[in-house]
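Peer 1: structure here, sequence nowhere to be found:
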């Protein structure tokens, strides 16, 4: 099983969204963020033949990023997973897969990494690759 992690694309300014009455959970991708995320998703589609599940947090920008990715991987099942919310401890989920405590995967917005595991259990995952958005967009 492969687990693809894609960070959401560039989103609107937090302060500007708050002044418009939007919570941080409702902060959308910017037009440029949608474009950059689409190009990163194109790069992922060149690397991967298929994706089984696209899981995202309930944040609007994460759901929009998942929508963009789902257009490239049409057969993927979509899941909104509360454990991926920023304050829910996503690092705990990744650490459980990789078996490392205090693990930090630094992904820029629209960056991605691929984990591989034979069985879904603690410490079973291996980091296959980690690519930043600029690298994904450069894939031909």
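Peer 2: Yes, it's here. Since we're looking at a predicted model, the values are computed, not measured.
Peer 1: so what's residue 62 up against?
Peer 2: Contact analysis of residue 62 by C-beta atoms under 8 Å, 6 or more residues apart in numbering lists 8, 56, 84. From N, CA and C alone the C-beta is placed, and that goes for glycine too.
Peer 1: would CSV of the residues you listed with distance to residue 129 and pLDDT be doable?
Peer 2: Below are these laid out as CSV (distance: C-beta to C-beta, whole Å; pLDDT from 0 to 100):
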residue, distance to residue 129, pLDDT
8, 19, 91
56, 20, 88
84, 20, 78
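Peer 1: which one of those residues is nearest residue 132?
Peer 2: Proximity of those to residue 132 (C-beta to C-beta) peaks at residue 8, which lies at 14.2 Å.
Peer 1: that closest one belongs to a strand?
Peer 2: No: according to DSSP: H, G, I helix; E, B strand; the rest coil, residue 8 belongs to no strand; its state is coil.
Peer 1: quick revisit: taking the contacts of residue 62, please make a PyMOL selection of just the buried ones.
Peer 2: Restricted to buried positions by 16 or more other C-beta atoms under 10 Å, the PyMOL selection for the contacts of residue 62 reads:
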select buried, resi 8+56+84
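Peer 1: need the contacts of residue 62 in CSV (columns: distance to residue 16).
Peer 2: What follows is the contacts of residue 62, written out as CSV (distance: C-beta to C-beta, whole Å):
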residue, distance to residue 16
8, 17
56, 23
84, 24
